[in-house]
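*Asks:* here you go, sequence then predicted model.
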Amino acid sequence: MGIEVRGARAEEMEEVLDMIPVVMGAPREYFDAHYRFDPCGKPEHSRLVRVGGQIVSHIRLYDRWIRVGATAVHVGCVGDVCTLPEHRQRGYARALLKDALRYWDQHDYDISMILSGVGVYERVGWVTFPEVRYSATVPAQGSAAQDPSYPTRRFARDEDLAQVQGIYEAYNRRRAHTTVRSHEYWAKHFYWTPREIEEAFYVAERDGRIVAYCRCGHGGQELTLLELCYLPEERGAAASLVEALARYAHKRGYERLAGYLPDDSAALPLLRQWPDFRAEETRVMLFQLVNLPRLLRRLAGELSERARGVQRVELTIKVSRHACGLRVGPGKVEVVAPTGPTLEVAEADLFRLLLGQARPDELGSCAALDERTQELLGLLFPPTHPVYWRTDGV
């Protein structure tokens, strides 16, 4: 019986869309919209296993770019992983994940990212990335007053999209882990974010101009905060948005509000005042390197900006099976062949450094490094306030 592991062809997509709902539970229309409206989607992004001519296993690849500082790196995401029940426990999903890594390496990707709590990904080399999920009980209606300087209203897609897109860019321009969104992405992704509640998409205005917004989705008894952004000079607008969410949640019977926010968000001090506020670490985000030299070459300009005043040094960075050399001088970082002393960094620690989530002395594989090397890493990968907005989840 012949076994094929490859990308789907255009003429096979109808068959793919028939197979996925059998396993995933969501209707065919959901996946059709997801694939059709994704501006970067291609038929070959559906990777499949055929056995005896039948599609028995499938994963979908998503093409994304996320920020590291002001630089965008190329990310391959995974979703819609499914195998027909009678064909499970035969290694097909593992084969597709390995196929995905090969595909990404051949098509100029730097890293891969998965949003899932399923352990199979760790067994195939992905490493978890800790995040903090905030939640609190919705207070009684009228427990806080809306700032009259920032009246809120519901988002109007046709009239407000350009302003909201501008606020997203201003808030996230240098914020690590945020997705680079084209106008086409903004315009189309409303069609494939079924978790979002559009009536809970609020904007806050000042003097008739939108200066902040928030987006929410379903989460059972929890209202899920998917995204909250504001113009840098308008932090005060967060209070009006938080109050609008409290009123909405109270009206719709949600018991709690929960979501991911950067630790410098103006909304966090307000949510901390809500009853039973919790900050809980989660590990549902996973990463794996695709190509370390390519990633560092992509970041060379960003790293050069950070390396001003650094004395010349050459070293090799080794991460799992990846290794490459760095030549660092004042205001200049070059990716070269392996050279100088070898600095071995655990893959999980690399991603925490890359996204500015931790200092070198806080990471197990870096804590024993000499002071000079820790200082160099701290300059190249300074702490930031990263966030992955769940609006971009696949």
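*Replies:* Looks like it arrived, so ask away.

*Asks:* how close does Y260 get to L354?
*Replies:* Y260 sits at a distance of 18 Å from L354 (criterion: C-beta to C-beta, to the nearest Å). C-beta here means a position set from N, CA and C on the backbone, and glycine is covered the same way.

*Asks:* do the same with G309
*Replies:* In this structure, G309 lies at 21 Å from L354, with C-beta to C-beta as the measure.

*Asks:* when these two are compared, which one has more neighbours?
*Replies:* More neighbours surround L354 than the other of G309 and L354, with 23 against 8 (other C-beta atoms under 10 Å).

*Asks:* can you pull the pLDDT of that one?
*Replies:* What the model reports as pLDDT for L354 is 97.

*Asks:* A162: what secondary structure?
*Replies:* When the structure is split into helix, strand and coil by DSSP: H, G, I helix; E, B strand; the rest coil, A162 lands in helix.

*Asks:* who's in contact with the helix or strand encompassing V284?
*Replies:* Here V284, judged by DSSP states H and E, is contained in strand 278-289. The list of residues contacting strand 278-289 from outside it, by C-beta atoms under 8 Å, 6 or more residues apart in numbering, reads 101, 110-117, 121-122, 125-136, 295, 319-320, 322, 347-348, 350-351, 388.

*Asks:* stretch 347-355 now?
*Replies:* Under the criterion C-beta under 8 Å, 6+ apart, residues 68, 111, 127-130, 176-177, 287-289, 319-320, 345, 357-358, 360, 363-366, 377, 381, 384, 386 lie in contact with stretch 347-355.

*Asks:* show me where pLDDT drops low in the stretch 251-394 of the chain?
*Replies:* For the stretch 251-394 of the chain, no stretch has pLDDT under 70.

*Asks:* which stretches of it form helices?
*Replies:* Counting by DSSP state H, counting those that start in this stretch, residue ranges of the helices within the stretch 251-394 of the chain are 268-271, 292-298, 300-306, 347-354, 371-380.

*Asks:* sec struct for E4, please.
*Replies:* Reduced to three states with three-state DSSP, the structure at E4 is strand.

*Asks:* hang on, isn't it packed against R50?
*Replies:* Yes: contact criterion C-beta atoms under 8 Å: E4 and R50 qualify, at 4.2 Å.

*Asks:* domains in the protein, as residue ranges please.
*Replies:* Taking automatic domain parsing as the domain assignment, the record places the domains of the chain at 3-125, 134-282, 291-380.

*Asks:* where does the stretch 51-200 of the chain have low pLDDT?
*Replies:* Residue ranges of the stretch 51-200 of the chain with pLDDT under 70: 141-146, 194.

*Asks:* now with 90?
*Replies:* Across the stretch 51-200 of the chain, the stretches falling below the confidence threshold (pLDDT under 90) are 116-120, 123, 140-148, 158, 187-196.

*Asks:* for it, which segments count as helices?
*Replies:* Taking DSSP H, counting those that start in this stretch, the helices of the stretch 51-200 of the chain run over residues 92-106, 120-123, 157-172, 183-189.

*Asks:* how much space between the residue nearest to I3 when sequence neighbours are not counted and S135?
*Replies:* Nearest non-adjacent residue to I3, counting by C-beta to C-beta, 6 or more residues apart in numbering: V51, 5.5 Å away. From V51 over to S135 the distance is 43 Å, taken as C-beta to C-beta.

*Asks:* which of those two has more residues huddled nearby?
*Replies:* In this view V51 and S135 are compared by other C-beta under 10 Å, and S135 has more residues nearby, 20 against 16.

*Asks:* the closest residue to that one other than its chain neighbours: neighbour count?
*Replies:* The shortest distance from S135 to any residue other than its chain neighbours is 3.6 Å, reached at A258 (C-beta to C-beta, 6+ apart). Close neighbours of A258, defined as other C-beta under 10 Å, add up to 19.

*Asks:* next up, the contacts around A258.
*Replies:* If you count contacts by C-beta under 8 Å, 6+ apart, A258 has them with R133, Y134, S135, A136, G219, E222, L223, T224, L225.

*Asks:* is it true that the third one touches E222?
*Replies:* Yes: the pair S135 and E222 passes the contact test of C-beta under 8 Å, sitting 6.9 Å apart.

*Asks:* closest one to G393 among the domains of the chain?
*Replies:* Closest approach to G393 among the domains of the chain (C-beta to C-beta): domain 3-125, 5.1 Å.

*Asks:* what about the closest one, start to end distance?
*Replies:* From its first residue to its last, domain 3-125 covers 24 Å (C-alpha to C-alpha, to the nearest Å).

*Asks:* residues contacting M13?
*Replies:* Taking C-beta under 8 Å, 6+ apart as the contact definition, M13 lies against Y35, P43, S46.

*Asks:* try it again with 6 Å
*Replies:* The neighbours of M13, taking C-beta atoms under 6 Å, 6 or more residues apart in numbering as the test, are P43.
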